[in-house]
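In: here is a sequence with its predicted model. Questions after.
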Amino acid sequence: MEAESYSRLSERYRLAVEGELRSIFESDGQAVYPALREAMFYSLESGGKRIRPCLVLAVCEMLGGSAEAALPVACGLEMIHTYSLIHDDLPCMDDDDMRRGRPSNHKVFGEAMATLAGDGLLSFAFETMLAAALKDRTGAVLRAVNEIAIRAGARGMVSGQAADMEYEGMKEQTEEMLGYIHRHKTADMLEAAVISGAYVAGADEAVIEKLRQYSVKMGLLFQITDDILDVTGDEKKMGKTLGKDAESGKLTYVGLLGLEDARKAAGKAASEALSALEGLENTGYLSETINKMLVRSN
Ligand code: GRG
């Protein structure tokens, strides 16, 4: 796929997701207590790359499904991702003042309201996705929501975050530990995006299995490049404070392998992700996502 058509497609997906998020907040969202609604929407509308919801829609279309059917799932996933960023920025977690180029949620609304904004986004996500699942007689959307519940929940992203908190500053840090943390904290949500899109399209298990292998390697690639950018990146482009990982003694791929070997590990993860796509059709968007991730600057 040409870089230009990748950008055009991503733009179409992004606009669809952002339009639908606004419309959800203007309809069902009207019943949310105003100060809570403002705090929830503040983080949701403040940009971000929208990688996960774009992947939901792209995978669904790639497999012959309709992006429209996948839209509530894509929006739900973005709400969950946004909740995780709000909670991650709290002083009791990573204590970050900036996110998506703006002051973090708790810096604007206070810690209590930021905690509630995260809680609100998490439950609103499931409300949104389940409303679509109830209308879908095939069960495809429900399978997608089940996948997201597993990957985003107690045995998925939340376990990754718990392990990350516990291991911070520990003397003995291994690649195995780092693998566990990022398999769950980072890769699970990317896997949720790819696989939920595939479920909405009604994909069979053989396709799902290949896409799972692709997603896990993409998650690894995403995390290694995140760690590299924490050292070499530009704060303006990244929209958050950089260099905090090393400062807080956080386990990272750069800390463990050094910059050069971390770059090599990123290249290896990228080629393994691309290999996982062999045998699938219409994989242009998914391979271009990997190529873009390898050279990303935000
Ligand atoms: C609080 C349960 C809980 C989990 C937090 C998302 C997360 C888990 C922590 C954020 C810190 C971090 C660097 C995680 C790994 C990579 C990651 C998920 C980065 C943020 O995702 P992007 O770059 O963000 O897609 P945007 O803002 O573009 O959506």
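Out: Good, I have the coordinates.
In: please count neighbours and contacts with C-alpha atoms only from this point.
Out: Noted.
In: mind listing what the residue of the stretch 101-250 of the chain found nearest the ligand touches?
Out: Proximity to the ligand, evaluated over the stretch 101-250 of the chain using C-alpha to the nearest ligand atom, is greatest for residue 158 at 4.3 Å. Residue 158 makes contacts with 152, 184, 185, as judged by C-alpha atoms under 8 Å, 6 or more residues apart in numbering.
In: can you select the buried ones from the residues you listed in ChimeraX?
Out: Filtering these down to the buried ones (16 or more other C-alpha atoms under 10 Å) takes a single ChimeraX command:
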select :152,184,185
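In: quick check: phi and psi on residue 98?
Out: The phi and psi values for residue 98, taken as degrees, to the nearest 10, are phi -120, psi 140.
In: might you report the residue contacts of it?
Out: 104, 239, 240, 241.
In: now, the contacts of residue 158 that are in helices?
Out: residue 152 (DSSP state H).
In: nearest to residue 93 among the contacts of residue 158?
Out: residue 185 (13.6 Å; C-alpha to C-alpha).
In: quick check: the closest one touching residue 155?
Out: No - using C-alpha atoms under 8 Å, residue 185 makes no contact with residue 155, being 10.2 Å away.
In: re the thing from before, let's have the contacts of residue 158 in JSON lines, adding distance to the ligand and pLDDT.
Out: Converted to JSON lines, the contacts of residue 158 look like this (distance: C-alpha to the nearest ligand atom, whole Å; pLDDT from 0 to 100):
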{"residue": "152", "distance to the ligand": "8", "pLDDT": "98"}
{"residue": "184", "distance to the ligand": "9", "pLDDT": "98"}
{"residue": "185", "distance to the ligand": "5", "pLDDT": "96"}
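In: what does the strand or helix carrying residue 273 contact?
Out: Secondary structure from DSSP states H and E places residue 273 in helix 259-276. Residues from elsewhere that reach helix 259-276 (C-alpha under 8 Å, 6+ apart): 210-211, 213-218, 220-221, 224-225, 228, 253-254, 287, 290-291, 294.
In: mind running it again at 10 Å?
Out: Helix 259-276 is contacted by residues 209-225, 227-228, 231-232, 252-257, 283, 286-291, 293-294 when judged by C-alpha atoms under 10 Å, 6 or more residues apart in numbering.
In: what's the helix-or-strand element of the chain with minimal mean pLDDT in contact with?
Out: Between all helices and strands in the chain, the lowest mean by mean pLDDT, DSSP states H and E belongs to helix 244-247, at a mean of 74. Contacting residues not belonging to helix 244-247 are listed as 94-96, 168-169, 227, 230-231, 250-252, 254-255 [C-alpha under 10 Å, 6+ apart].
In: report the buried residues of that helix.
Out: 245, 246.
In: near the ligand at all, it?
Out: No - Helix 244-247 lies out of reach of the ligand by C-alpha under 6 Å from any ligand atom, never closer than 9.2 Å.
In: the ligand contacts on the stretch 51-200 of the chain?
Out: Counting by C-alpha under 6 Å from any ligand atom, the stretch 51-200 of the chain sits next to the ligand at 51, 84, 85, 87, 88, 100, 157, 158, 161, 185, 186.
In: which residues in this structure form strands?
Out: 98-99, 102-103 (DSSP state E).
In: run a quick neighbour tally on the nearest residue to residue 282 once chain neighbours are set aside.
Out: In this structure, residue 282 finds its nearest non-sequential neighbour in residue 62, 5.8 Å apart by C-alpha to C-alpha, 6 or more residues apart in numbering. Neighbour count of residue 62, defined by other C-alpha atoms under 10 Å: 20.
In: pretty sure residue 258 is touching residue 228, no?
Out: Yes - the pair residue 258 / residue 228 is scored as a contact, 9.4 Å apart, by C-alpha atoms under 10 Å.
In: neighbour count winner among the two?
Out: Taking neighbours as other C-alpha under 10 Å, residue 258 and residue 228 compare with residue 228 leading, 23 against 12.
In: what's near enough to touch that one?
Out: Neighbour list for residue 228: 222, 243, 252-255, 258-260, 262-263, 266, 297 [criterion: C-alpha under 10 Å, 6+ apart].
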